[in-house]
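**Student:** Everything below, folded, please.
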Amino acid sequence: MFTAGTLYIPGILFCYIIAAILLWSWIIRSGESFRNKEINHSELVIKYFFQLIWVGVLVLVVLMAGGFLAQQDTAWHQLTPSNEETMLPRTLIYTFLYPGYVITGGAAWLHARSHFPEKLTSRMNLAFFFATFAPFVFLPAQDPDLLNLSTDFYNILFRSLHWLLTIVWITAIAHILLYFISFIIESLGLSH
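**Tutor:** All right, here's what the predicted structure looks like:
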């Protein structure tokens, strides 16, 4: 099996921090230049589409970690039910995709905040918060016993919170997408 003992975690963490600072700084600077100039409707529609792209990148990262790789981790546990070894899918999720949640979710929120501050209401801030942090519940199985359906209180609590936060994440993403799609429709003059 794959072991994570060879990963140099402080170096990886340092790389993530530098990448996040560079990406977020670029987004903030582009937002400042965007707000300081006159734009026409087509440029505004393009900016709204860029916002949708940032949300789409967040969705792809979440689907890769919470969907594909988490399912691989579950299958791996069914083959080797041991808590002693670090499974490759879990290592990929923890090392690359969990920081990706924060980096891409932060990028989507910063893009909205720096390019459209008047449109970022408290409900939208909350939607971006849940879109970024709710996927952390899509954990790979920590304990093979959690994979067994039972009437144990902790198992029911774990599954209930998992599904509740899954629904919250889907609702937050849908809210963000519909919010910005409505502005695209309005900017194109398609609404009456």
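**Student:** per-residue confidence for Thr151?
**Tutor:** If you check Thr151, the pLDDT there is 76.
**Student:** and it, helix, strand or coil?
**Tutor:** Under DSSP: H, G, I helix; E, B strand; the rest coil, the three-state class of Thr151 is coil.
**Student:** distance of it from Ser42?
**Tutor:** 58 Å (Cβ to Cβ, to the nearest Å). Just so you know, the C-beta spots here come from the backbone N, C-alpha and C atoms, and that holds for glycine as well.
**Student:** same thing with Leu165?
**Tutor:** For Leu165 relative to Ser42 (Cβ to Cβ), the value is 38 Å.
**Student:** And Phe183, by the same measure?
**Tutor:** Taking Cβ to Cβ, one finds Phe183 at 14 Å from Ser42.
**Student:** Kindly provide the distance from Val55 to Asp152.
**Tutor:** Counting by Cβ to Cβ - Val55 and Asp152 are separated by 37 Å.
**Student:** Have a look at those two and say which one is more surrounded.
**Tutor:** Taking other Cβ atoms under 10 Å, Val55 and Asp152 do not tie; Val55 has more neighbours (25 against 12).
**Student:** wait, what's in contact with the more buried one?
**Tutor:** Val55 is in contact with Ala108, Ala131, Ile173, Ile176, Leu177, Phe180, counting by Cβ atoms under 8 Å, 6 or more residues apart in numbering.
**Student:** helix, strand or coil for the closest residue to Val59 other than its chain neighbours?
**Tutor:** Leaving aside its sequence neighbours, Val59 sits nearest to Ile173 (Cβ to Cβ, 6 or more residues apart in numbering; 6.2 Å). Three-state call for Ile173 (three-state DSSP): helix.
**Student:** my guess is Ile173 meets Ala131, correct?
**Tutor:** Yes: using Cβ atoms under 8 Å, Ile173 is in contact with Ala131, at 5.4 Å.
**Student:** residues shared between the contacts of the two?
**Tutor:** The contact lists of Ile173 and Ala131 share Val55, Leu58, where a contact means Cβ under 8 Å, 6+ apart.
**Student:** Comparing the two, which shows the higher neighbour count?
**Tutor:** Neighbour comparison, Ile173 and Ala131: the larger count goes to Ala131, with 28 against 22 (by other Cβ under 10 Å).
**Student:** Need the nearest residue in space to the more buried one, chain neighbours excluded.
**Tutor:** Ala172 (4.3 Å).
**Student:** Just give me the neighbour total for that neighbour.
**Tutor:** Using other Cβ under 10 Å: Ala172 sits among 22 other residues.
**Student:** Assess the claim that it and Asn125 are in contact.
**Tutor:** No: contact between Ala172 and Asn125 fails when scored by Cβ under 8 Å: they sit 10.8 Å apart.
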